[in-house]
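Peer 1: Build the 3D model from these lines:
(chains A and B)
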Amino acid sequence: MGLDIRLPIGLMFTLFGLLLVIYGAVGDKSIYQRSLGINVNLGWGAVLLVFGVVMLVLGRRGSATAEPADVSLEGQRMMKELAERDLHSQK
Amino acid sequence: MTLTAIDWIIMLVYFVFVLGIGFALRRYMKTSTDFFLSGRSIPAWITGLAFISANLGAQEVIGMGASGAKYGIATSHFYWVGAIPAMVFVGVFMMPFYYGSRARSVPEYLKLRFDEKTRGLNAISFAIMTVFSSGISMYAMGLLLQTLLGWDFNFSVLVSAVIVLLYIFLGGLTSAIYNEVLQFFLIVLGFLPLVLLGLKDAGGWSGLQSRLSVVATQNGFGPGAWSESWRFMDNPSANPMGVEWFGMVMGLGFVLSFGYWCTDFLVVQRAMAADSMSAARRTPLIAAVPKMFFPALVILPGMIAIALTYQSGGSGFALPKKPDGAFNYDMAIPMMLGHYFPSGILGIGLTALMASFMSGMAGNVTAFNTVWTYDIYQSYIRRGASDQHYLWMGRMSTVFGIAISVAAAYVATRFNNIMDMLQLVFAFVNAPLFATFLLGMFWKRATGHGAFLGLLSGTIAAAIHHGLTLPLHATPGVKGGWFGAEHIYPSEMAQNFWTAIFAWSTCFVVTILVSLITKPREDKELAGLVYSLTERPKEEHLPWFKRPQILGAIVLLMTLMLNIIFW
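Peer 2: Have a look, this model is predicted:
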């Protein structure tokens, strides 16, 4: 249906990843006492960034090649039957 | 717990994306089928992830964490005995009827298979249950954010209600499903670092096991009672759940889980939006794969929390207590978020928590507006109107469904017992359902009168059983025993499981007996609705990894291995 969901997911996680990585790199380091001395923002931010970029790449490639789902034969047939049944019940 | 600018920015970004998806989908909502069924156009991996996410509401995240702390790894039975086998069953055996019968909802299937009154009973009880559950979940969220962050209850409830309202109003089921996929990833990626940090603090899996043996022995159980899922199930007094294996497998595994995953429109609706029969059947099977690892995400943190409370780790985490001195188990996951997450990732963790609340609520709301519009409004109030009218009604019912939920959330703040009572009644209504569907789909002789009376008597049987029994140390009231406590169960869970078993068996027997003395429908009317009269879906042309039977077998094998590893 028009929008490939991987694109917004990819974009959002790329943004989250960038935010955390930058914050982890330049922000106050004393806050990491909580997380057992690990700079989780830098580390996990990188994970989110990689995930986001992978989703973006998959989404871009997918929307270029994949057949839109509503073109699938079975889906179309079913929608037609639903429409006919509704028409029938309205008579 | 205090939030800094970066946490707020993360939360804001999330809200922008959630609403943006709604706006982007608005122009595709042209007919009522677009709005309620996503035009049956969504690929299996998306419906599959939405299938888990819709169920992953507040109760699941908070409740499973709490149970992990209270009962240990045995809580995983809700997944490895309960959810997964039921999800395989619905995908392999039941989906052909839901998707292939052209029904637009679960109650509509009941009408096609049985009769109008069975549909009416199911549609009305389901509609009431969904709005109230979404209200209860909103209440839980408001309360949690109040305790955790000091946010105003009204603020949390209204903001979340308005956001969910907007994105469903604009983009219908598609918007809910797309957001559920986004929320799925957010929940997984937001909670995973929490589990890793907690596990590190507890000294890894072996450190956690030795700490949990302290928890177990101090509570008077064998040392493995919190870290071995099956070894203590032979006797209810040997495990903290107070349940023996038979009641657990039959009550939780067979009756309650199959009843929920196979008949609840909230989850089935996701599969019905898939773009083909094989995609619809694969939906629950794809969902089952991440689902079987969810105990690591939602139960394990609870186990870590209780382990560190009994034997402190390096960072000094401990579960808070309630005023009466009992542990506040519900705070296990939220308190861990505040304890281990510094600003930045804290924003991600809190956003993930809110995402889980919203996905659960949206699941309820989309199921409600569909059942209301198709099964109640179109069937009993206004027949034969134009499709545009029903599309409009779908949007309106989204608005008033959410309004009722908000009202229910406020009722819950004043009368907590009413909500407990309601949930109890829901349990009575749900328990017999699976017997009706099982007989309806696999026994062509089952009749509408049989189904209707079976459902009613099953619900009544549940109420009677509950009224005659009590869990240990409980006083008569919501917990049961109104007619005098004839039997005392070792725990509330055992009582619930056995109530379900009684309700199911009563419904099963009554449906068969009444069906045998009433007139069955002609075979040709039941084609596509009953197993023996329906052509098997053809799957020879599909590659092996897309065939439901093969996928189902793989999923079951993996689940069996998890059971054995954590025996």
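
Peer 1: Compute the first-to-last residue distance for stretch B:211-229.
Peer 2: Its first and final residues considered, stretch B:211-229 spans 16 Å by Cα to Cα, to the nearest Å.

Peer 1: Looking at the lengthiest helix in chain A now, give me its mean pLDDT.
Peer 2: Of all the segments of type helix in chain A, defined by DSSP state H, the longest one is helix A:40-65. Across helix A:40-65, the average pLDDT comes to 86.

Peer 1: Likewise for stretch B:370-384?
Peer 2: On average, the pLDDT along stretch B:370-384 is 89.

Peer 1: can you pull the buried residues of it?
Peer 2: Under the neighbour-count criterion of 16 or more other Cβ atoms under 10 Å in any protein chain shown, stretch B:370-384 has B:370, B:371, B:372, B:373, B:374, B:375, B:376, B:377, B:378, B:379 buried. Every residue, glycine included, has its C-beta placed from N, CA and C.

Peer 1: Columns distance to chain A on top of these, output as a markdown table?
Peer 2: Compiled in a markdown table, the buried residues of stretch B:370-384 are given as follows (distance: Cβ to the nearest Cβ, whole Å):
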| residue | distance to chain A |
| --- | --- |
| B:370 | 14 |
| B:371 | 17 |
| B:372 | 17 |
| B:373 | 13 |
| B:374 | 10 |
| B:375 | 14 |
| B:376 | 16 |
| B:377 | 14 |
| B:378 | 9 |
| B:379 | 10 |
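
Peer 1: Could you say which helix or strand holds the residue of the stretch 401-550 of chain B at minimum distance from chain A?
Peer 2: With distances taken as Cβ to the nearest Cβ, the stretch 401-550 of chain B approaches chain A most closely at residue B:537, which sits 10.1 Å away. If you go by DSSP states H and E, residue B:537 is not part of any helix or strand.

Peer 1: Could you list which residues are in contact with residue B:94?
Peer 2: With Cβ atoms under 8 Å, 6 or more residues apart in numbering or on different chains as the criterion, the residues that contact residue B:94 are B:262, B:437, B:441.

Peer 1: which SS state does the last one fall under?
Peer 2: Going back to what we said before, that points to residue B:441. With DSSP: H, G, I helix; E, B strand; the rest coil as the basis, residue B:441 sits in helix.

Peer 1: just to revisit the earlier point, tell me the most packed of the contacts of residue B:94, by neighbour count.
Peer 2: With neighbours defined as other Cβ atoms under 10 Å in any protein chain shown, the most crowded of those is residue B:262; it has 25 neighbours.

Peer 1: who's in contact with the closest residue to that residue other than its chain neighbours?
Peer 2: Nearest non-adjacent residue to residue B:262, counting by Cβ to Cβ, 6 or more residues apart in numbering or on different chains: residue B:90, 4.4 Å away. The neighbourhood of residue B:90, defined by Cβ under 8 Å, 6+ apart, consists of B:261, B:262, B:268, B:271, B:284.

Peer 1: mind checking how far residue B:90 is from residue B:358?
Peer 2: In this structure, residue B:90 and residue B:358 are separated by 25 Å, where distance is defined by Cβ to Cβ, to the nearest Å.

Peer 1: Low-confidence stretches in chain B?
Peer 2: Screening chain B residue by residue with the criterion pLDDT under 70, one finds the ranges B:416-419.

Peer 1: how's it carved up into domains?
Peer 2: B:5-414, B:419-535 (automatic domain parsing).

Peer 1: most tightly surrounded among those domains?
Peer 2: With neighbours taken as mean count of other Cβ atoms under 10 Å in any protein chain shown, those reach their highest mean count in domain B:5-414, at a mean of 22.

Peer 1: Can you give the distance of it from its chain's centre?
Peer 2: 5 Å (Cα atoms, centre = their mean, to the nearest Å).

Peer 1: Quick check: end-to-end length of that domain?
Peer 2: When the termini of domain B:5-414 are compared using Cα to Cα, they are 34 Å apart.

Peer 1: Isn't residue B:472 up against residue B:242?
Peer 2: Yes. The pair residue B:472 and residue B:242 qualifies as a contact (Cβ atoms under 8 Å) at a distance of 7.4 Å.

Peer 1: residues shared between the contacts of these two?
Peer 2: Taking Cβ under 8 Å, 6+ apart as the contact criterion, the residues that touch both residue B:472 and residue B:242 are B:489, B:490, B:491.

Peer 1: now, which of those residues lie within strands?
Peer 2: When DSSP state E defines the strands, the subset of these inside them is residue B:489.

Peer 1: Could I get the shared contacts of residue B:472 and residue B:242 in CSV, plus columns for distance to residue B:506?
Peer 2: Output for the shared contacts of residue B:472 and residue B:242, formatted as CSV (distance: Cβ to Cβ, whole Å):
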residue, distance to residue B:506
B:489, 18
B:490, 23
B:491, 23
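
Peer 1: Which members of the shared contacts of residue B:472 and residue B:242 additionally contact chain A?
Peer 2: Near chain A, judged by Cβ under 8 Å from any Cβ of the partner chain, there are no entries from the shared contacts of residue B:472 and residue B:242.

Peer 1: The residue of the stretch 401-550 of chain B closest to chain A contacts residue B:279, correct?
Peer 2: No. Between residue B:537 and residue B:279 there is no contact under Cβ under 8 Å: 11.5 Å.

Peer 1: Work out for me the element residue 13 sits within.
Peer 2: No chain was given, so I picked chain A. For residue A:13, the secondary-structure element it belongs to, assigned by DSSP H and E, is helix A:6-26.

Peer 1: oops, chain B please
Peer 2: Using DSSP H and E, residue B:13 maps to helix B:5-25.

Peer 1: Please work out the angle formed by the directions of that helix and helix A:6-26.
Peer 2: Calculated by axes from the mean of the first three to the mean of the last three Cα atoms, to 10 degrees, helix B:5-25 forms an angle of 170 degrees with helix A:6-26.
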